[in-house]
Structures are given as structure tokens and as C-alpha cells.
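Engineer: this one's structure only:
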């Protein structure tokens, strides 16, 4: 069953976060992920507002989780740590 990787991000260091994004995209693609939304317009209705919202679709929850724990994504994530505040969840679709 497909799954969505949903990230809400506040970028605090654009240069370092740019390095993250350059590496994260290929890592996500290698695990079957495809971006549905990446920083477009949004309306915050509840909860904490974060200016960058990203949604990627994966073939399964397991593929999305494997991507997150993969060495290539973790290498990308090293650039986001300290350069952003992030919330990330994987949700299986029905």
C-alpha cells in the first residue's frame, strides 16, 4: 500500500539546507519516492506554522522508512540538522 512522507520545516540556515535538499532528492528517488508537493502555497489551519511543506509518495510505508534510515538519506540529513526545525511523519494511504 502506498505511503506519504510529510515534512513540515522551518529553515534556519538556507545554505546548509540547500546542501540537504541537493542530496535528499536523489536519495528519496532511489527508494521509489516521488515529490507531490515541495514548498508550494499553503494555508495553516491548526498547529505550528512551518513555511516549508513537503509531501513525497512512496510505494509503501516500509520503502519510505527504509529511505529515512538509508546511509544516503542520513548523509543528507546531516546538513539539515542545525539548519532547520522539522516534523516528519510517514502515513500509509488507503
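Structural biologist: Structure received. The model shown is predicted, which means the values in this text are computed figures rather than measured ones. Numbering: from 1, shown residues only.
Engineer: in which helix or strand does the nearest residue to residue 4 once chain neighbours are set aside reside?
Structural biologist: Once flanking residues are discounted, residue 4 sits nearest to residue 91: 5.0 Å by Cβ to Cβ, 6 or more residues apart in numbering. C-beta here means a position set from N, CA and C on the backbone, and glycine is covered the same way. Using DSSP states H and E, residue 91 sits in strand 84-92.
Engineer: for that strand, packing partners?
Structural biologist: strand 3-11, helix 61-69 (3 or more Cβ pairs under 8 Å, 6 or more residues apart in numbering; DSSP states H and E).
Engineer: go through the last one and flag the buried ones.
Structural biologist: Neighbour counts using 16 or more other Cβ atoms under 10 Å place 61, 63, 64, 67, 68 of helix 61-69 among the buried residues.
Engineer: which is the next helix or strand following it?
Structural biologist: Later in the chain than helix 61-69, the nearest helix or strand by DSSP H and E is helix 71-80.
Engineer: sorry, back to before: tabulate the buried residues of helix 61-69 (TSV), appending distance to residue 44 and pLDDT.
Structural biologist: Listed next are these as TSV, based on distance: Cβ to Cβ, whole Å; pLDDT from 0 to 100:
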residue	distance to residue 44	pLDDT
61	26	98
63	29	98
64	24	98
67	27	98
68	25	98
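Engineer: residue 31: which of the residues you listed is nearest?
Structural biologist: residue 67 (3.6 Å; Cβ to Cβ).
Engineer: ok, the closest one - contacts?
Structural biologist: Contacts were defined as Cβ atoms under 8 Å, 6 or more residues apart in numbering; by that measure residue 67 touches 5, 27, 28, 30, 31, 33, 58, 73.
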